[in-house]
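Colleague: using only what follows, build the 3D model:
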Amino acid sequence: MEKLSILSLNLRFGLADDGPNGWEYRKEAVLDLFQREAPDFIATQEANHFQSDFLAQNLSDYGHVGRRDPAPPFWQDNILFYRRPIVCKEHHHFFLSETPLVPSRSFGSKFPRQATLGLFQVNSQAIICVNTHLDFETPAQMGAARVIEAQLSPFSDKIPVILVGDFNATPDSPCYAWFTGQEVEGERGLSLKETFEEPYPRTFHGFTGEPAVGYIDWILYGAPLRLKACQVLQDPLDGTYPSDHFPVKAVFKF
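Modeller: Predicted coordinates:
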């Protein structure tokens, strides 16, 4: 395998009262999107269990990690689907808090935010994918960023990393600067690269198809991956938008 593709989408949790945009009306559009694009990795955020169950049952070519089970009612997971014959060597679900292995929230986070980390083998190449969903305010985002770095620290820095998710922050945020190797309050975090170029695309549209909020759904990556292409998928499928966020996709070369 000389190239690797990943698609990330905030599913919009299925228990939301979205009327004609509810999950039952758009789940086939989500499935059609994933099957049409057929990426090597699919990262979903805000997945209620019945949403991830539907996708897992219908994406027969994929394995998946990131489901918290058992979980409280209304729980939302960050799921990583991976296309076989990619092999998941290990995976970790953790909370973006001061106690990552205990269900919890910290740093002023409104919700108990979390991440899924998978170590995968693609042919003979190891690769790490992290799928996350950050809270809304800067202190919570910066605390989460440091937790993600700490969870990556046991792995060799020679293993390429892809970090995706709904970050609820734009590229002018301290969190983005920290993830991309810029100095924030006297320290530098991860030195990941950006897939898109300025002016950055807007990725939230609220089921209207009209971009409303800035670039908050990121795909960041590290060497030795090289970016081949990236795209925001803005078109509906048979008149239905899969989510209130646009899907984002990137293709890399090893």
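Colleague: what sits against the residue with the largest distance to the centre of the chain?
Modeller: Counting by CA atoms, centre = their mean, the extreme residue of the chain relative to its mean C-alpha position is Gly186, 27.7 Å from that point. If a contact means CB atoms under 8 Å, 6 or more residues apart in numbering, then Gly186 has no contacts. Every residue, glycine included, has its C-beta placed from N, CA and C.
Colleague: now do it against Trp178, distance only.
Modeller: Taking CB to CB, to the nearest Å as the measure, Gly186 falls 11 Å from Trp178.
Colleague: same question, Gly19
Modeller: Taking CB to CB as the measure, Gly19 and Trp178 are separated by 38 Å.
Colleague: list the contacts for the residue lying closest to Arg26 once chain neighbours are set aside?
Modeller: Counting by CB to CB, 6 or more residues apart in numbering, the nearest residue to Arg26 once its immediate chain neighbours are dropped is Thr240, at 5.2 Å. The neighbours of Thr240, taking CB under 8 Å, 6+ apart as the test, are 25-26, 28-29.
Colleague: for Thr240, what are phi and psi?
Modeller: When read as degrees, to the nearest 10, the backbone of Thr240 gives phi -120, psi 130.
Colleague: tell me the confidence at it?
Modeller: On the pLDDT scale, Thr240 is placed at 98.
Colleague: and what of the one 10 residues further on?
Modeller: Residue-level confidence at Ala250 comes out at 98, pLDDT.
Colleague: ok, Asn78 next?
Modeller: Per-residue confidence at Asn78 stands at 98 (pLDDT).
Colleague: let me see the contact set for it.
Modeller: The contact partners of Asn78, taken as CB under 8 Å, 6+ apart, are 43-45, 47, 66, 114-116, 131-133, 165.
Colleague: mind checking which of the residues you listed are in helices?
Modeller: Secondary structure assignment (DSSP state H) places none of the contacts of Asn78 within helices.
Colleague: a markdown table for those, including distance to Pro85?
Modeller: Putting those into a markdown table (distance: CB to CB, whole Å) gives the following:
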| residue | distance to Pro85 |
| --- | --- |
| Ala43 | 19 |
| Thr44 | 21 |
| Gln45 | 26 |
| Ala47 | 24 |
| Gly66 | 20 |
| Gln114 | 28 |
| Ala115 | 25 |
| Thr116 | 21 |
| Asn131 | 21 |
| Thr132 | 26 |
| His133 | 28 |
| Gly165 | 25 |
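Colleague: do you know how far the residue nearest to Arg26 is from Val30?
Modeller: 9 Å.
Colleague: for Leu80, same thing?
Modeller: Taking CB to CB as the measure, Leu80 and Val30 are separated by 16 Å.
Colleague: repeat that for Gly186.
Modeller: Taking CB to CB as the measure, Gly186 and Val30 are separated by 43 Å.
Colleague: same deal with Thr203?
Modeller: In terms of CB to CB, Thr203 sits 16 Å off from Val30.
Colleague: kindly report the same for Phe246.
Modeller: Distance from Phe246 to Val30, counting by CB to CB: 13 Å.
Colleague: so where do the helices sit in the stretch 101-250 of the chain?
Modeller: Defined through DSSP state H, counting those that start in this stretch, the helices belonging to the stretch 101-250 of the chain, from first to last, are 138-152, 174-179.
Colleague: looking at those helices, which is buried most?
Modeller: Taking mean count of other CB atoms under 10 Å as the contact definition, the stretch among the helices of the stretch 101-250 of the chain with the greatest mean neighbour count is helix 174-179, which reaches a mean of 22.
Colleague: what mean pLDDT does that helix have?
Modeller: Per-residue pLDDT values over helix 174-179 give a mean of 97.
Colleague: since that was my last question, I'll sign off now.
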